[in-house]
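# would you be able to build a 3D model of this:
(one chain, ligands or ions: 2)
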Amino acid sequence: MEIFYIKTANFPSKIPDETVLALGFFDGVHLGHQQLITKAKEISTRKKLQLAVMTFYPHPKEIVQGGKFNYLMTLEEKVKKMELLGVDYLYVVNFNKEFARLSPETFVQQYISDLNVKHVVAGFDYTYGHKGMGTMDTIKEHGNGKFEVTVLPKVELDGIKISSTHIRNLLLKGDVKQIKSFMGSVYETLGQLVVPFSESNVTVRNDGAYMSNNYIYTFVPNNHCSIPCTGKYLVEVQSFNQRETAIAEVISIGKEIEIQLCSQLELGYNNRELYIKWLDSLENEKIMIEQQTKELVPAR
Ligand SMILES: Cc1cc2nc3c(=O)[nH]c(=O)nc-3n(C[C@H](O)[C@H](O)[C@H](O)COP(=O)(O)O)c2cc1C
Ligand SMILES: Nc1ncnc2c1ncn2[C@@H]1O[C@H](COP(=O)(O)OP(=O)(O)OP(=O)(O)O)[C@@H](O)[C@H]1O
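Ligands and ions are numbered 1, 2, ... in the order given. You can find the predicted model right below:
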């Protein structure tokens, strides 16, 4: 897969071959996105064209509304998923204030027609151009017959539109188990495992690695990735080919996010980059323990 980072009016010097282009932000590359890209792949194979995806960075909301946006994945992770889906060209358009002001017509002319696109595929709710005024009802007309258009109807699960927003809401509720049926895989967060420094708790091994004697570590998620709400979770910690099941506690969601792993972790290296896979919430267990504790209090 070839990646083109496009800044306003700075187009690739080599215009790629004729393509089928899938459009959208694609945060999380969930099952709705996967259906869209698979559809575009089928069309590209049938028409013997290359498959291209156009996404943006940063997220339009971060620029238009300002403030921090909670992403489901980093751009690097999105790139990996696109590669697995068989994408040939990935355009990452720098979304800035100047770009946001482009009219729907100018966007279609400069960023679609001029990029040798022969077929556009996007979902029923895709919008483009200043204030998102362009829709799937206007795109064909704005393309002046230069490309075909396929619209993917709403992909739902149990009557709910599969969307990045719904997955973010599940994270806010700590309902990590449900996420798999919307994303197609367990939600995971990339970050660094750090041994909190306290002399009584840390052993320095011969190879220089810090080991936590009581198995308590701090996990610092990579910048700007969403994590579930505070509470205890059953997780899988994955680094290279090592996997461990552990209990993670999200203590606070603020500037410094810390997650403490309390199981017997053999991955005890300091500052090691790894994935946390969020398997299930242990809040029910916590509620049960709280209820049992309450029952033990003698009646006065
Ligand atoms: C040229 C262009 C200008 C845009 N301008 C705005 C804007 O002014 N305000 C806004 O909220 N979104 C704007 N957007 C974002 C789109 O409405 C939409 O969120 C984006 O294309 C991603 O689509 P998706 O959310 O369906 O994946 C713009 C998009 C494009 C391509
Ligand atoms: N459930 C779905 N059914 C059909 N098309 C979808 C679905 N979800 C996303 N798409 C399409 O996939 C592309 C990327 O969409 P986008 O990144 O806006 O996803 P989203 O899940 O709707 O995000 P958000 O919830 O943040 O708005 C767009 O063309 C969009 O219309």
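# for the rest of this, base every contact and every neighbour count on C-alpha atoms.
Fine.
# got the residue ranges for the helices in the protein?
Remark: helices assigned in the chain by DSSP state H are 31-47, 60-64, 75-84, 97-100, 104-107, 139-142, 164-173, 176-183, 283-296.
# among those, which comes closest to Y275?
helix 75-84 (11.4 Å; CA to CA).
# quick one: contacts of that closest one?
1, 26-29, 57, 90 (CA atoms under 8 Å, 6 or more residues apart in numbering).
# quick one: mean pLDDT over it.
In this model, helix 75-84 has a mean pLDDT of 96.
# can that helix be found next to ligand 1?
No. Helix 75-84 stays clear of ligand 1 (CA under 6 Å from any ligand atom), getting no nearer than 13.4 Å.
# stretch 104-119 now?
Yes. Against ligand 1, stretch 104-119 shows contacts by CA under 6 Å from any ligand atom at F107.
# start to end distance for stretch 150-166?
24 Å (CA to CA, to the nearest Å).
# which parts of this structure sit against ligand 2?
Residues of the chain lying near ligand 2 (CA under 6 Å from any ligand atom): 23-27, 32-33, 122-126, 152-156, 161-165.
# so which of the residues you listed are in strands?
The strands in this structure, assigned by DSSP state E, contain 23, 122-123, 152, 156, 161 from the residues of the chain next to ligand 2.
# any chance of CSV for the contacts of helix 75-84, columns pLDDT?
Compiled in CSV, the contacts of helix 75-84 are given as follows (pLDDT from 0 to 100):
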residue, pLDDT
M1, 96
F26, 98
D27, 97
G28, 96
V29, 98
Y57, 95
L90, 97
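# turn these into a markdown table, including distance to ligand 1 and neighbour count.
What follows is those, written out as a markdown table (distance: CA to the nearest ligand atom, whole Å; neighbours: other CA atoms under 10 Å):
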| residue | distance to ligand 1 | neighbour count |
| --- | --- | --- |
| M1 | 21 | 15 |
| F26 | 6 | 22 |
| D27 | 8 | 20 |
| G28 | 11 | 23 |
| V29 | 11 | 24 |
| Y57 | 10 | 16 |
| L90 | 15 | 21 |
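# from those residues, pick the one nearest G134.
F26 (18.1 Å).
# for the stretch 101-250 of the chain, which residues are neighbours of ligand 1?
Going by CA under 6 Å from any ligand atom, the residues of the stretch 101-250 of the chain near ligand 1 are 101-102, 107, 125-132.
# of the residues you listed, select the buried ones using a PyMOL command.
A single PyMOL command selects the buried members of those (16 or more other CA atoms under 10 Å):
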select buried, resi 102+107+126+127+128+129+130
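# wait, which of the helices of the chain is closest to P16?
helix 31-47 (14.0 Å).
# please identify the buried residues of the closest one?
31-34, 36-41, 43-44.
# near ligand 1, anything from that helix?
No. If you take CA under 6 Å from any ligand atom as the test, helix 31-47 misses ligand 1, and the best it gets is 9.3 Å.
# list the helices and strands that helix packs on?
Applying 3 or more CA pairs under 8 Å, 6 or more residues apart in numbering; DSSP states H and E, one finds that helix 31-47 contacts strand 19-23, strand 50-57, strand 117-123.
# try 6 Å
Here helix 31-47 touches no other helix or strand, going by 3 or more CA pairs under 6 Å, 6 or more residues apart in numbering; DSSP states H and E.
# chain center to that helix, what's the gap?
19 Å (CA atoms, centre = their mean, to the nearest Å).
# returning to what we had before: pull out the buried residues from the residues of the chain next to ligand 2.
23-27, 32-33, 122-123, 126, 152, 155, 162-164.
# what's stretch 42-57 in contact with?
Surrounding stretch 42-57, the residues in contact under the criterion CA atoms under 6 Å, 6 or more residues apart in numbering are 18-25, 87-95.
# below-threshold pLDDT in this protein: ranges please.
9-10, 195-205, 207-215, 240-241, 253-271, 284-300 (pLDDT under 70).
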